[in-house]
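Asker: after the sequence you'll find the predicted model.
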Amino acid sequence: TAMERRAEHQAMREGRAYEPVTMVGQHNAGVIEQRGLRQYIERGTEWLRDAGQRISGRLHAFAATLSGAVDRDRRDAAEAQRQERLVAERTREQAQERQQVQDREKVAEKFRTIAGKREAGGHGYGDHNSDWKATPEALRKAVDAYNGANQHTKDLYIERIQREPQMARAVGQLLHERELVLQRDRGMSR
């Protein structure tokens, strides 16, 4: 009974032998002594205590393994996220770089088109035409210098626009200014 268990625990804490406190407990103790069951009860109790400790040890080991697995999974997930961010950043940088290359190639192509029209004497590209006069002076000089050069020098100039961001920006700015003036002039003539 619960009363007997409390009395037994109290006796163990005080370091004395347990003696039954109820009539039922005293009767059971007498039966145990009379039949010689004490050794079996003690052995069974010891076995239960050992089994409990083994199970407890296994549970602690399992909990530690599980905790380690959870920590490892967290680290793996964090590493995977870091890798994903790096890949996304690298992809974004590559896309940005490709876009910049395309932009520089467009600037070089526009420059080459204007130079080709000027060299061929296309409509609007003569010295006295308003389209040519709308072209910023620096761009006009660059186009005329380009047209006066040999093919190797022309190729180097175009390659430089395509390769060097500063050069492409400078030529692109001049082309943009030209477009703005042409749009303004066309808007006024309507």
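Answerer: Sure, I can see it. Just so it is clear, the model here is predicted, and its values are computed rather than measured.
Asker: and residue 47, how far from residue 105?
Answerer: 85 Å (C-beta to C-beta, to the nearest Å). C-beta coordinates here come from the backbone N, C-alpha and C atoms, glycine included.
Asker: between those two, which one's more packed in?
Answerer: residue 105 (14 against 10; other C-beta atoms under 10 Å).
Asker: the more buried one touches residue 163, doesn't it?
Answerer: No. If you go by C-beta atoms under 8 Å, residue 105 and residue 163 don't touch, sitting 10.2 Å apart.
Asker: domain-wise, how is this protein divided?
Answerer: What automatic domain parsing lists as the domains of the chain is 2-63, 97-188.
Asker: where does the chain have its least confident helix or strand?
Answerer: helix 23-35 (a mean of 75; mean pLDDT, DSSP states H and E).
Asker: who does the helix or strand just after that one touch, helix- and strand-wise?
Answerer: Once helix 23-35 ends, the next helix or strand along the chain (criterion: DSSP states H and E) is helix 38-120. If you count contacts as 3 or more C-beta pairs under 8 Å, 6 or more residues apart in numbering; DSSP states H and E, helix 38-120 packs onto helix 137-148, helix 151-163, helix 165-188.
Asker: buried stuff in the first one?
Answerer: In this case it means helix 137-148. 139, 140, 142, 143, 146 (16 or more other C-beta atoms under 10 Å).
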